[in-house]
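Chemist: Build me a structure from this.
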Amino acid sequence: MTQREEFIQVVQKYWDIAKLYEDLKIAKEKYAPHKRQGLSELEKEYLLGLLCGYNPTELASKICKQPSTINSDLSRSLYRYVEVLTGREENSLRSWQDVVCWLEPKYKRIENWDSAPNISNFYGRDRELATLEQWIVKEQCRLVAIIGIGGIGKTSLSVKLAREIKDKFQIIIWRSLRYTPRLEEIVGDLVSVVTNQPEFESPETLEARVENLLKFLRLRRCLIVLDGLETLMCTNKLAGEYHECYQEYGYFCRQIGNSEHQSCLLLTSSEKSAEIALLEGKNGPVRSLKLEGLQLKAAKNILQIRNLVEEPEWVNLIQRYQGNPTYLKIVSTTIAEVFQGRTSEFFSKNSTYLGHISEILDQQFERLSDLEIRIIYKLATAQKTLNHPELQKRICLQVSTTKITDALQSLIRRCLIETSSVSSREKETVYTIQPLIRKYVINRFSNL
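Modeler: Predicted coordinates for the structure are as follows:
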């Protein structure tokens, strides 16, 4: 069976082709009432080709015609019929993609949110939402990752974004990876949703199942969100390395990122995976967004809702906790309950309070390698920023430069250390960590 025949088979299973033919026949009769007939076989061929995702040039090569002829035929037939069918003005359809676009509203959009959290209390992130919408909707990126330290709001942002741009997609699927499903389970679940057939018969091999899913991602514009990719990662390894039971996810992401389709896979993770780091590019179809803390106005909303007083003190509090919304919720709750909402009194008793923030950081630090722990501890206990040679000297001269470089890269991908440049005789890169992370590291690893 050829690729085209396979696509047509998928179209006939998924789309109500008979209903489309009937609707277009009615439109044709309105457009040319003296021709009392349904779609010609050639028009049906064109329609199926467009629904399969072929553009006119590709379609022409499949049926051995000149692209100019195809475009001329489409202008006289399907374009006009769809305009009549949808009540659009003449010449409102600009391209072959518009044909599929105008047909889509006749079919119910599928939305499957599974365990997506409620986001009624969502703060700020206008800039991040605009960037992600630009990448996913306008530039049609195939794979996008939201990366950030625990508690920074990756999950909430993914839900907010998906709900805001859902009208641009025919199928929306949101899934949590918290319970570490195998890839076979996830792919089977996704196919059953996009086909609307719970008992859809899947191929035997994983590779064939992924390719089968890709066929649907070419046919329909889908937004798939997988939240919490880091739960599939190894412990005591460098960032982005999957546990042996979940290494197929790397293959899956590479296929989604490298294959031509009209859909998007949106991932959230506290660490950047190796394949995303390799595939991403400024203008390419794979990109990642590092999520920083909330801007001042949005962060103040969190403190206001928790009835904190002494607003002039809030800026210091927000800066101390890096604008991390979860950290701010934790510490503001403590201030409200223990200090009657007075931030100044809280500051007089606590230089940097961790509380339940430690539990969030514990989850991320459990995956660190021994060398990463040694490096971040040296950074935490240093009285200044450190460059590469200084770090190597403080750790052990026997540790190779390559291993130090790999560990630094891993810590950066985990959003646990930061880089900056300083000028002395020449520019050099130095490494540092945020005060909150510094206190956590010193408290936990003081025996090093």
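
Chemist: Now do the helices in the stretch 101-250 of the chain.
Modeler: 126-133, 154-164, 183-195, 206-219, 248-258 (DSSP state H, counting those that start in this stretch).

Chemist: Make CSV out of those helices and add mean neighbour count, mean pLDDT and distance to Ile417.
Modeler: (Glycine included, C-beta is placed from N, CA and C.) Conversion of the helices of the stretch 101-250 of the chain to CSV gives the following (neighbours: other Cβ atoms under 10 Å; pLDDT from 0 to 100; distance: least, Cβ to Cβ, whole Å):
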stretch, mean neighbour count, mean pLDDT, distance to Ile417
helix 126-133, 15, 96, 22
helix 154-164, 20, 96, 19
helix 183-195, 18, 89, 31
helix 206-219, 18, 87, 35
helix 248-258, 19, 96, 24
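
Chemist: Out of those helices, flag the one nearest Gln319.
Modeler: Among the helices of the stretch 101-250 of the chain, the nearest to Gln319 by Cβ to Cβ is helix 126-133 (18.8 Å).

Chemist: where exactly do the helices run in the stretch 251-400 of the chain?
Modeler: Under the criterion DSSP H, counting those that start in this stretch, the stretch 251-400 of the chain contains helices at 274-279, 296-305, 314-320, 325-338, 343-349, 357-365, 370-381, 388-395.

Chemist: residues in contact with the first one?
Modeler: With Cβ atoms under 8 Å, 6 or more residues apart in numbering as the contact definition, helix 274-279 has outside contacts at 143, 145, 240-241, 250, 253-254, 257-258, 267, 286, 288, 413.

Chemist: Please state the offset of that helix from the chain centre?
Modeler: Relative to the mean C-alpha coordinate of its chain, helix 274-279 is positioned 14 Å out (Cα atoms, centre = their mean, to the nearest Å).

Chemist: The residue nearest the centre of the chain and Leu51, how far apart?
Modeler: Closest residue to the average C-alpha location of the chain: Leu266 at 2.2 Å, with Cα atoms, centre = their mean. Computed with Cβ to Cβ, to the nearest Å, the distance linking Leu266 and Leu51 is 25 Å.

Chemist: Is it possible to get CSV of the helices of the stretch 101-250 of the chain that adds distance to Asp362?
Modeler: CSV is the format used below for these (distance: least, Cβ to Cβ, whole Å):
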stretch, distance to Asp362
helix 126-133, 26
helix 154-164, 18
helix 183-195, 27
helix 206-219, 33
helix 248-258, 24
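
Chemist: Following the chain past the lowest-mean-pLDDT helix or strand in the chain, name the next helix or strand.
Modeler: None of the helices or strands of the chain scores lower by mean pLDDT, DSSP states H and E than helix 3-14, at a mean of 60. Toward the C-terminus, helix 3-14 is succeeded by helix 17-31 as the next helix or strand (DSSP states H and E).

Chemist: Show me what that following helix is packed against.
Modeler: In terms of contacts (3 or more Cβ pairs under 8 Å, 6 or more residues apart in numbering; DSSP states H and E), helix 17-31 is packed against helix 41-51, helix 78-86.

Chemist: Out of the ones you listed, flag the one nearest Pro67.
Modeler: helix 41-51 (12.4 Å).

Chemist: Check which helices and strands the closest one is in contact with.
Modeler: In terms of contacts (3+ Cβ pairs under 8 Å, 6+ apart), helix 41-51 is packed against helix 3-14, helix 17-31, helix 56-62, helix 67-76, helix 78-86, helix 96-103.
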